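Undergrad: Okay, sequence plus prediction incoming.
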Amino acid sequence: MEQTNIENTFKTLDEMAELIEQRLELPYIDSLTKGLEFLFTGEILENNNNLLIQSLEKKSKAIQLESLEQEEIRKAIQLTVLKGMQGATQQQHLITPDTVSMFIGYIVQKLIKPEKTIRLFDPACGSANLLTAVLNQLTQKVDSYGSDVDPTLIQLALMNANLQKTEVEFFHQDSLSPFLLEPVDLVISDLPVGYYPNDVQADQFELKADEGYSYSHHLFIEQSINYTKESGFLIFVVPNFLFESDQADKLYGYLHKHAHIVGLIQLPESIFKSESSAKSILLLQKKGPGTQAPKQTLLAKLPSFKDAPAMNNILAKINNWFKEEGI
Ligand SMILES: C[S@@+](CC[C@H](N)C(=O)[O-])C[C@H]1O[C@@H](n2cnc3c(N)ncnc32)[C@H](O)[C@@H]1O
C-alpha cells in the first residue's frame with residue numbers, strides 16, 4: 001500500500017466532489033457520492049450538464065483504478081468522507097475510525113477460523129468503511145451484507161464497495177424492521193446511539209423501554225442477535241455507559257438469556273471528542289448447543305493506538321486470553 005497513491009486519489013476525489021458541490025449546489029457528502037458514481041459508471045445521473053461531465057472526465061483520468069489496491073481506494077474514500085463529516089452535529093453519522101476497524105478485524109480473525117466460509121452483516125453500515133476494512137483483512141470467502149437507513153450513506157457504501165470490487169449485498173431500510181436475510185455467522189457494527197423514534201416498531205422487541213422512547217442501540221443488539229446463527233459471534237462498538245444507563249438491568253437480563261458476554265474492551269479515550277462520547281467494543285456469542293460463557297470475560301482498556309509498546313503489551317494479554325479460553 002502506497003501513501004502517495006492514497007493521497008493522490010484523495011486529492012482527485014476531493015476535487016471532483018468540490019466541483020459537483022459547486023455546480024449542482026449539493027452538500028459535500030452527496031457530491032462525493034455522485035463523484036464516486038461517476039468514477040464507477042462514467043455517468044452522472046439526473047444531469048445533462050455537459051460542461052460538468054467533461055470536467056469530471058478530465059479529473060477522473062488521474063485515478064487509475066486498476067492499479068490501486070482495495071485498501072488504497074478505501075482509505076482515500078475514507079479521507080473524503082471524514083472531510084465531508086467534519087463538524088457533523090449528528091454523532092450517529094460519524095464514520096468508524098480506521099484504528100477501531102483494524103482492531104475489530106483482528107478480533108474477527110481470532111474468533112473465526114480462516115478456512116471457514118462466513119456470512120457477515122453490519123446493520124448500521126454507514127459508508128461501509130468498517131465493513132470493507134474488516135473484509136479486506138479476512139482471507140476466507142465471506143458473503144457480506146450491510147444495511148443503513150440513510151439514503152446518501154447507503155449509496156456511498158455501495159459505491160465504496162463497488163470501487164473496491166468487493167461484493168456486498170446492501171439493504172436500504174430501517175434496520176429495526178424485518179430483513180429478508182438468513183441468519184449470519186458474525187455481526188459487526190458501530191451502533192447508532194440514542195432514542196429510537198418509532199414506538200410501534202420498538203414494540204416488537206423485548207428490549208423496548210417500559211416507558212417513553214427505547215434506546216436504539218439496545219434494539220440494534222436484539223435485532224442483531226435475532227439475525228445471528230446459534231453460536232455465532234457479534235462485535236459492537238458501544239458507548240462506555242452501556243451498562244450504566246437507566247435501562248441497563250433490562251439489557252443485562254436479555255443478554256443473560258440469549259448470549260454470552262465474551263468481552264468488553266474500552267477504546268482509548270484520546271480518539272473521542274469527550275469522555276462522555278468514548279466507546280468500547282462489546283463481544284457477544286449467541287447461545288447455542290454446546291456454547292458456554294468464557295471462564296473469564298475478556299476485560300481490557302486499550303492504551304493510545306500511538307503507544308506501540310503499551311499496545312503490544314495489551315495485544316499479548318488478549319492473545320493469551322484467547323489461548324487460555326481455547327477460542
Ligand atoms: C456510527 S455510524 C456507522 C458508521 C459505519 N460503521 C462506517 O464505517 O461508516 C451509525 C450508522 O447507523 C445508521 N442508523 C441509525 N439509525 C438507523 C436505523 N434505524 N436503521 C439503519 N441504520 C441506522 C446511521 O445512518 C449511521 O450511518
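TA: Good, I have the coordinates. Since we're looking at a predicted model, the values are computed, not measured. Numbering: from 1, shown residues only.

Undergrad: how many other residues sit next to the residue in the stretch 201-327 of the chain that the ligand sits nearest to?
TA: The stretch 201-327 of the chain approaches the ligand most closely through residue 216 (5.8 Å), counting by Cβ to the nearest ligand atom. Yep, even glycine has a C-beta here, placed from its N, CA and C like the rest. Neighbour count for residue 216, taken as other Cβ atoms under 10 Å: 23.

Undergrad: Restrict the helix with the most length in the chain to CA atoms and write it as PDB.
TA: Ranked by number of residues, the top helix in the chain under DSSP state H is helix 3-24. The C-alpha trace of helix 3-24 is given here as PDB (Å, rounded to 0.1, in the frame of the first residue of the first chain):
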ATOM      1  CA  GLN A   3       0.800   6.500   0.900                       C
ATOM      2  CA  THR A   4       1.200   8.600  -2.300                       C
ATOM      3  CA  ASN A   5      -1.500   6.600  -4.100                       C
ATOM      4  CA  ILE A   6      -3.900   7.200  -1.200                       C
ATOM      5  CA  GLU A   7      -3.000  11.000  -1.100                       C
ATOM      6  CA  ASN A   8      -3.300  11.400  -4.900                       C
ATOM      7  CA  THR A   9      -6.600   9.500  -5.100                       C
ATOM      8  CA  PHE A  10      -8.000  11.500  -2.100                       C
ATOM      9  CA  LYS A  11      -6.900  14.800  -3.800                       C
ATOM     10  CA  THR A  12      -8.700  13.900  -7.100                       C
ATOM     11  CA  LEU A  13     -11.800  12.600  -5.300                       C
ATOM     12  CA  ASP A  14     -11.900  15.800  -3.200                       C
ATOM     13  CA  GLU A  15     -11.600  18.000  -6.300                       C
ATOM     14  CA  MET A  16     -14.400  16.000  -8.100                       C
ATOM     15  CA  ALA A  17     -16.700  16.300  -5.000                       C
ATOM     16  CA  GLU A  18     -16.000  20.100  -4.800                       C
ATOM     17  CA  LEU A  19     -16.700  20.600  -8.400                       C
ATOM     18  CA  ILE A  20     -20.100  18.800  -8.100                       C
ATOM     19  CA  GLU A  21     -20.800  20.600  -4.900                       C
ATOM     20  CA  GLN A  22     -20.300  24.000  -6.700                       C
ATOM     21  CA  ARG A  23     -22.100  23.100  -9.900                       C
ATOM     22  CA  LEU A  24     -25.100  21.200  -8.500                       C
END
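
Undergrad: Give me the contacts around that helix.
TA: Helix 3-24 is contacted from outside by 26-28, 31-32, 34-36, 38-39, 44, 47, 49, 51-52, 55-56, 59-60, 62-63, 68-69, 72-73, 75-77, 79-80, 83-84, using Cβ atoms under 8 Å, 6 or more residues apart in numbering.

Undergrad: Report the contact partners of the residue of the stretch 201-327 of the chain closest to the ligand.
TA: Contacts for residue 216 (Cβ under 8 Å, 6+ apart) come out as 176, 191-196.

Undergrad: Adjacent strands (with direction) for whatever helix or strand residue 235 lives in?
TA: Assigned by DSSP states H and E, residue 235 belongs to strand 228-239. Paired neighbours of strand 228-239 in the sheet (DSSP bridges): strand 184-190 (parallel), strand 279-286 (antiparallel).

Undergrad: Same list (those strands) but as TSV, adding distance to the ligand and mean neighbour count.
TA: What follows is the strands paired with strand 228-239, written out as TSV (distance: least, Cβ to the nearest ligand atom, whole Å; neighbours: other Cβ atoms under 10 Å):
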stretch	distance to the ligand	mean neighbour count
strand 184-190	4	25
strand 279-286	9	22
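
Undergrad: Any chance of CSV for these, columns mean pLDDT?
TA: Output for the strands paired with strand 228-239, formatted as CSV (pLDDT from 0 to 100):
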stretch, mean pLDDT
strand 184-190, 98
strand 279-286, 98
